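>>> Structure, please.
(chains A and B)
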2 protein chains.
Amino acid sequence: VLVSWVTEVDGAFTRDDPFGPQTLPYGVIEDADGRHVAVRLGDHALPLRGVAQLGERVLSLVSGDSLDPLLAAGRTAWSELRAELRDLVDRRAIPKGARLVPLDEVRAVLPFTVRDFVDFYSSRHHAENLGRLFRPDAEPLLPNWVHLPVAYHGRAGTVVVSGTDVVRPAGQWLRDGKPVFGPTERLDIEAEVGFVCGGAIQSRVPVSRAGEHLFGVVLVNDWSARDIQAWEYQPLGPFLGKSFATSVSAWITPLEALAKARTPVPKPSVPLLPYLVEDSPGGYHITSQVRWNGTVVTTPPYAGVSWSSAQQLAHLTVNGATVRPGDLFASGTVSGPKPSQVGSFLELTAGGPVTLDDGSRRTFLADGDTVVITGSAPGPDGSVVGVSEVRGTVLGSAP
Amino acid sequence: VLVSWVTEVDGAFTRDDPFGPQTLPYGVIEDADGRHVAVRLGDHALPLRGVAQLGERVLSLVSGDSLDPLLAAGRTAWSELRAELRDLVDRRAIPKGARLVPLDEVRAVLPFTVRDFVDFYSSRHHAENLGRLFRPDAEPLLPNWVHLPVAYHGRAGTVVVSGTDVVRPAGQWLRDGKPVFGPTERLDIEAEVGFVCGGAIQSRVPVSRAGEHLFGVVLVNDWSARDIQAWEYQPLGPFLGKSFATSVSAWITPLEALAKARTPVPKPSVPLLPYLVEDSPGGYHITSQVRWNGTVVTTPPYAGVSWSSAQQLAHLTVNGATVRPGDLFASGTVSGPKPSQVGSFLELTAGGPVTLDDGSRRTFLADGDTVVITGSAPGPDGSVVGVSEVRGTVLGSAP
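Have a look, this model is predicted:
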């Protein structure tokens, strides 16, 4: 199973691999010896414990069983580790004690302890689409939306790693206007981009310093039970319609890998209060593909999201709330302007069911369905930087 | 500073002390030697590490620097530890290696790692009072309220221990219909009762087995910035108006100490779905007193809250979400039927300012104000079981 680095490094990735040396995302794999921090190289994982070529300082951050120490260490350490890894890979140096593990022969686990999970609502197209569906006779966008990045807290304890099966949740919802209890009949996805936080515990982070607290990105599938959500969410927001599972990529793409993917967020439609004004381009050209049982049904473009991660973090902490290593916040459902770019099946099937490649027709998720979201962004020298997939299969409701 | 147990045990509490041997709440104190799990006895703390009379099994659970191992150990261990402590105190046995530390000479810290924090909205009087204030022309109670315990996730990372100062949050709110940024002008409290969870990680906890996951109770002050909250909360619920700080008691009163305080929750106004039907009395006779700069301004009665902790936990997990040791959930603002029993200053001052004992008049909190909430419940043989105070002082907004 384990192959030596020296003989297989060239087989681990190809020149146009989205997980080549331009990306180097971090994760944690589990084998008979326990859990190991690793970096992804193509379709292989390189466990980092014992890689003697790494400096002692960075090696100590990646020799445990989770990314928690690395997240806490802060941006200087993140840059140092990445530079050393780039050097190793570029020089094809033989890392003493290193081994490459094929990803399909190992289990990747949730790589960090999720502290607080916040979900924003920052795609204007998504907010407008939902406004039209839920409040057909009113303005689709509520007045606060253009002035601040609307968000809520989700459940950190049910954030799960890509590949984890999702049991169809049961709960209370309205049938013919009467509350009933049963498995959701409107199980949906939300395709999002998530930001994993690190660095010092800090409140009132200005937009200009958000980068010190943003370690990397993951794809997020915020599974949603629309019938449960619709009945429960007034006046305190989504709760059980969301809290049963939120899936995230097993591998975190460092923000340093996305330097070439930066792009301005859309121009705000109103003047912003000073704490939300960002000089530099705040968005990222990350395009995702959503596969429903193998059929690509939509390709949400993160670049069109209205609020940047820096604006979101500044807003999140402006009241004195701290950001901690391990905090996770997500963009909210990413929907582009076109019907082929929406990030939820609620929007995708608003006009009627979709037909998948196998001829089956779907409005919401059926038991046994698998959803895979993949992501990519432009990298240096024409390369592509991958954002690792988030995958989940729906199991029937527990009896 | 440290006095020996054998000479001072009788001075540590009196017969009618709410923190006598009928209560024995757990906390963590910090001194020059680090943090120590302790039990409160009157106005003293008894650190438990090294108390050789305790059995090895329970001693190992209370010899660390937090209550986390005890919470995870589950109900059998909780009962065993409590029985051994009761025996020690009742027999006035000399605990070898024990010392009693006056509470005013030691710092009590947040005694456990808060995982997910959920806040319910389970007081009907509070929900109706707020409905009348926010939606004067509509039914005060939304239709879902009588069918399910409405709740949302709060921020776990800003749960702070009693005694922590609270910095007035700044944020976005409406002045004359226009969004402005500044310190909140409507800083409020919410007096609540919180439940600290433990035992196995478990989803779909039936009401009949909730007790296996409920370790004890604390008082909660869910500080709220009403202007920030009013502007931000549609459609996803409260966020920055709440997330800057939530204060909890330093000492957790075990649910075993509240056995005599059990009382049925109010009869539901509609038939409940089976997963919410509870046979046994689900509420507790816990009365709290809210002191605003020393003046008792209100005495919220928890006994009138409509949904029990067992119903709340059953609802919280019915969708497959897990409860974990360290999860905290709170009742929501406790308001009784009388104006002198409301749990927020928004309700208290809806008709105009209150006058405090020093002659000052208040609508919302001023910088320098201190709020202390204390709680008590009936115990065995006419005794009173205390729920430790939650205290906080408002500091001016950060520049």
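>>> For chain B, what's its nearest residue on chain A.
Closest residue of chain A to chain B, C-beta to the nearest C-beta: A:G237 (2.4 Å). For the C-beta atoms, the positions are set from N, CA and C on the backbone; glycine is no exception.
>>> which residues touch that residue?
By C-beta atoms under 8 Å, 6 or more residues apart in numbering or on different chains, the contact set of A:G237 is A:152, B:152, B:233, B:235-238.
>>> at 6 Å instead, please
Residues counted as contacts of A:G237 (C-beta atoms under 6 Å, 6 or more residues apart in numbering or on different chains) are A:152, B:152, B:236-237.
>>> could you measure it against B:P337, distance?
28 Å (C-beta to C-beta, to the nearest Å).
>>> ok so, going back, and the residue of chain A closest to chain B, how close does it get to A:G154?
Applying C-beta to C-beta to A:G237 and A:G154 gives a distance of 10 Å.
>>> go on, A:G177?
Distance, A:G177 to A:G154, by C-beta to C-beta: 29 Å.
>>> how about A:V385, phi and psi?
In terms of degrees, to the nearest 10, the main-chain angles of A:V385 are phi -100, psi 120.
>>> Surely it touches A:G379?
Yes. A:V385 is in contact with A:G379 according to C-beta atoms under 6 Å; the separation is 4.0 Å.
>>> For these two, list the residues in contact with both.
Shared contacts of A:V385 and A:G379 (C-beta under 6 Å, 6+ apart): A:Q22.
>>> Mind checking which of the contacts of A:G237 are in strands?
Using DSSP state E, the members of the contacts of A:G237 that fall in strands are A:152, B:152.
>>> For the stretch 51-200 of chain A, just list every one of the helices.
Under the criterion DSSP state H, counting those that start in this stretch, the stretch 51-200 of chain A carries helices at the ranges A:56-61, A:68-73, A:75-90, A:124-134.
>>> shaky segments in the stretch 251-399 of chain A?
Low-confidence segments of the stretch 251-399 of chain A (pLDDT under 70): A:399.
>>> picking that back up, which residue is the nearest non-sequential neighbour of the residue of chain A closest to chain B?
Among residues not flanking A:G237 along the chain, B:G237 sits closest, at 2.4 Å (C-beta to C-beta, 6 or more residues apart in numbering or on different chains).
>>> Tell me how far the one you found lies from A:L272.
B:G237 sits 23 Å away from A:L272, going by C-beta to C-beta.
>>> same thing with A:F364?
Going from A:F364 to A:L272 by C-beta to C-beta gives 37 Å.
>>> So for the two, which sits in the more crowded spot?
Legend: neighbour count by other C-beta atoms under 10 Å in any protein chain shown for A:F364 and A:L272, higher for A:F364 (20 against 16).
>>> wouldn't that one be in contact with A:L187 here?
Yes. In this structure, A:F364 is within contact of A:L187 by C-beta under 6 Å, at 5.3 Å.
>>> who in the stretch 51-200 of chain A is up against chain B?
Contacts of the stretch 51-200 of chain A with chain B, taken as C-beta under 6 Å from any C-beta of the partner chain, map to A:115-116, A:142, A:144, A:147-148, A:150-153, A:155-158, A:167, A:169, A:171-172, A:179, A:181.
>>> again, only using 7 Å
Residues of the stretch 51-200 of chain A found near chain B (C-beta under 7 Å from any C-beta of the partner chain) are A:115-116, A:121, A:142, A:144, A:147-148, A:150-158, A:167, A:169-172, A:179, A:181.
>>> Is there a quick ChimeraX command that grabs whichever of those residues are buried?
Here is the ChimeraX selection string for the buried members of these, based on 16 or more other C-beta atoms under 10 Å in any protein chain shown:
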select /A:115,116,121,142,144,147,148,150,151,152,153,154,155,156,157,158,167,169,170,171,172,179
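>>> A:A321 contacts A:Q202, doesn't it?
No. Using C-beta atoms under 7 Å, A:A321 makes no contact with A:Q202, being 10.1 Å away.
>>> Neighbour count: these two, which is higher?
More neighbours surround A:A321 than the other of A:A321 and A:Q202, with 24 against 15 (other C-beta under 10 Å).
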